[in-house]
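Student: coords please:
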Amino acid sequence: MIAHLRNISGTAILALLGTTTLASADVTVEFWHSFGGASGEALAQIIEKFEAENADIKIDAQEIGNYNDIVTKLQAAIPAQRAPDAVIMEVTRYGLFADRGVLKDLTPYVDADPLKDDLFNFAREVGVYQGKNYIVPFNSSTPVLYFNKDIFERAGLSEDTPLGTYEDLLAAAQKITDTLGDEGITGIAAPGQFARWGLVMGNDSDLIDSVSGEIMLDAPNTIEAYEFMASLVHEHEVASPDGVTKENNGRDAFLAGRVGMMINSTGNYGRASSALGEDVAVVPMPCNKVCAVPIGGAGIGILSTSDSEVQDAAFKFISFAASPESNALWFSATGYMPINQKTAEQPLAIEALAEKPGIDVAINQLDVARGRPRPPVVTWMRASEYDLWQAMALGQREVSDVLTEFAERTRAEAERLKR
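Tutor: The predicted structure follows:
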């Protein structure tokens, strides 16, 4: 595994991490993030260690909500001149803020950073928009397939039940629902947006091409993928509608032992292990037509409106958070993928890889992982997709009609945002 971590290849564009000379005066960095629970505790440990080494810097960490909440609140805070100094930004949505000059170009910091070559190439690339580095990866992930071994056993399914295609997923979900449905157990959680993106990519398609920017929402394979996902809810009834109207409901039901399978971020590994113990299993995403998964998670950006000494302090914290020691703490506590090539040499990472079955699945998927597009239209597209997914999954509208119309609207919005 460690050898695999060291040998991941890709196109290096820029790196992160850096050291900067700070003014002697005390500096406070207001930092908005999205981490609660075990992830929040791990972040607090990283901040505590950073402040112990940097007595002149205070990190005022504030949990704002999920990625959508951060986008919404940041959009409101900017005109009110109440924006933070640093902020966690999901990897497909920061382009909107980079395009508008809200985020500082971190390229000078990156270029001066002595640790920049330590990052994996996927971590270098994910923070780049139009040739400039705007965010520093912190929590990187891919979707993976979790299943409850106890539920599988009770449903008469073995732990090595095939789960590599749409047909496999449906068969297992039907078996669980048919056998245990009277106990209130369903086969699979309705896929959230990250899972939907992954299932589309595994069907040899995409929502928006990450290289050309082509809108692919109405591509035949995209439509086919959404038809399958929607059928899990309204046709086969192996996924609860509750997970459609509120995505976290499906995750929470899985963690409570009421759902047999869920597709979710590797960042949920720590939570799933705490909830289910030895009953949780993690396997790669299905390869329905091809093996391909999206790289998700978020990175830390710095606001262009902050004072220069605050920006320097913020980047010093970013550098510390991406160091091997900090990244090993984060990886072992949460399951988010290592971003630093030296992370695997750290005792915490070695222990996690040896003692936590399945924590390496997302890392092993990196050979088939791809970054996602970052132009401003992606933020609009992702916000709009939720309600449309609900209409499809609940059987209120035909999938092909919805996606054909949505594709045209997305193309029009992309053109509007270029003006």
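Student: extract the C-alpha set from stretch 300-311 and format it as PDB.
Tutor: Extracted C-alpha coordinates of stretch 300-311, given in PDB (Å, rounded to 0.1, in the frame of the first residue of the first chain):
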ATOM      1  CA  ILE A 300      -8.600  26.000   1.700                       C
ATOM      2  CA  GLY A 301      -8.700  29.300  -0.100                       C
ATOM      3  CA  ILE A 302      -7.700  32.700   1.100                       C
ATOM      4  CA  LEU A 303      -9.900  35.800   0.600                       C
ATOM      5  CA  SER A 304      -8.300  38.500  -1.500                       C
ATOM      6  CA  THR A 305      -9.800  41.200   0.800                       C
ATOM      7  CA  SER A 306      -7.800  40.200   3.900                       C
ATOM      8  CA  ASP A 307      -4.800  42.100   5.000                       C
ATOM      9  CA  SER A 308      -1.500  40.900   3.700                       C
ATOM     10  CA  GLU A 309      -0.200  39.800   7.100                       C
ATOM     11  CA  VAL A 310      -3.400  37.800   7.600                       C
ATOM     12  CA  GLN A 311      -3.000  36.200   4.200                       C
END
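Student: buried residues of it, list them for me.
Tutor: Within stretch 300-311, the residues that count as buried by 16 or more other CB atoms under 10 Å are 300-304, 306, 310-311. Backbone N, C-alpha and C define where each C-beta goes, glycine included.
Student: so, low pLDDT: which residues of this structure?
Tutor: Across the chain, residues meeting the criterion (pLDDT under 70) sit at 1-25.
Student: switch to 80 and redo it
Tutor: By pLDDT under 80, the low-scoring segments of the chain are 1-25, 114-115, 419.
Student: can you give me the strands in it?
Tutor: 27-33, 57-63, 86-90, 128-129, 132-133, 136-141, 143-148, 186-188, 259-265, 280-283, 293-294, 296-302, 369-370 (DSSP state E).
Student: out of those, flag the one nearest residue 336.
Tutor: Closest approach to residue 336 among those is made by strand 136-141 (4.5 Å; CB to CB).
Student: that closest one to strand 27-33, inter-axis angle?
Tutor: Counting by axes from the mean of the first three to the mean of the last three CA atoms, to 10 degrees, strand 136-141 lies at 30 degrees to strand 27-33.
Student: which secondary structure elements does strand 136-141 sit against?
Tutor: Helices and strands touching strand 136-141, by 3 or more CB pairs under 8 Å, 6 or more residues apart in numbering; DSSP states H and E, are helix 121-125, strand 296-302, helix 308-321, helix 324-334.
Student: now with 7 Å?
Tutor: Applying 3 or more CB pairs under 7 Å, 6 or more residues apart in numbering; DSSP states H and E, one finds that strand 136-141 makes contact with strand 296-302.
Student: direction included, what does the strand it packs on pair against?
Tutor: According to DSSP bridges, strand 296-302 forms sheet pairs with strand 86-90 (antiparallel), strand 136-141 (antiparallel).
Student: which among the ones you listed is found nearest to residue 42?
Tutor: Among the strands paired with strand 296-302, the nearest to residue 42 by CB to CB is strand 136-141 (9.8 Å).
Student: quick one: contacts of that closest one?
Tutor: With CB atoms under 7 Å, 6 or more residues apart in numbering as the test, strand 136-141 has contacts from 16, 88, 106, 123, 126-127, 265-267, 295-300, 318, 321-322, 336-337, 339, 362.
Student: great, nothing more from me.
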